[in-house]
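J.: following is a predicted model, sequence given first.
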Amino acid sequence: RQLMEVFDKEVDFVMRRLGLCCGSRWQFTPPTLYCANTTNACTIARDAKYMSFTSPNNTTINYCIKCWREISGPSVRLGPDDGNKDVPKGVFGEKTNNDIKYEPLVPCEQCGRRFHEICVLWNKCMNRPFVCRHCRRGAKDPSVM
């Protein structure tokens, strides 16, 4: 435990000396999922099991286990976006709401080092190449980030 505390305290300093942004592994908690049952308006809790299906038009349909058990018959009716079609229950798969997403890394266009997008305040929607601060020191083009 003490070794971990020392490591956590020193890793950012070491990583920055190596020209990287930090020594952290930034992650996001699983998103809130909503049950497709329109009468109950359930949410699917973190680490809870649920049934899921992705329709041909890439709409994801999720049912909490409680509502899934209440569906009678061998099929499930999809919504108007999917033509109100009936699909067999067998195409749904059981999943767990524990999908952890990690902060994306963006590579420098010049040196190839990778940085967390949040650490360098960059997003792919910016429509320009990312150049790190180390490479930017020599860049003369002001449009280069």
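T.: Happy to help now that I have it.
J.: after the helix or strand bottoming out on mean pLDDT in the chain, which helix or strand is next?
T.: Across the helices and strands of the chain, mean confidence by mean pLDDT, DSSP states H and E is lowest for helix 2-17: a mean of 78. Sequence-wise, the next helix or strand downstream of helix 2-17 (DSSP states H and E) is strand 27-28.
J.: by contact count, what packs against that following strand?
T.: Other elements packing on strand 27-28 under the criterion 3 or more C-beta pairs under 8 Å, 6 or more residues apart in numbering; DSSP states H and E are strand 101-102. No exception for glycine: its C-beta is placed from N, CA and C like everyone else's.
J.: partners of whichever helix or strand comes after the strand it packs on, with directions?
T.: Note on strand 101-102: by DSSP H and E, the next helix or strand toward the C-terminus is strand 105-107. Within its sheet, and counting by DSSP bridges, strand 105-107 is paired with strand 114-116 (antiparallel).
J.: how far does the strand it pairs with sit from the chain's center?
T.: Mean-position distance between strand 114-116 and its chain equals 16 Å (C-alpha atoms, centre = their mean, to the nearest Å).
J.: contacts for that strand?
T.: Residues from elsewhere that reach strand 114-116, judged by C-beta atoms under 8 Å, 6 or more residues apart in numbering: 20-22, 24, 26, 103-108, 122, 130, 132.
J.: please indicate which of the residues you listed are buried?
T.: Buried members of the contacts of strand 114-116, counted by 16 or more other C-beta atoms under 10 Å: 20-21, 106, 108, 122, 130, 132.
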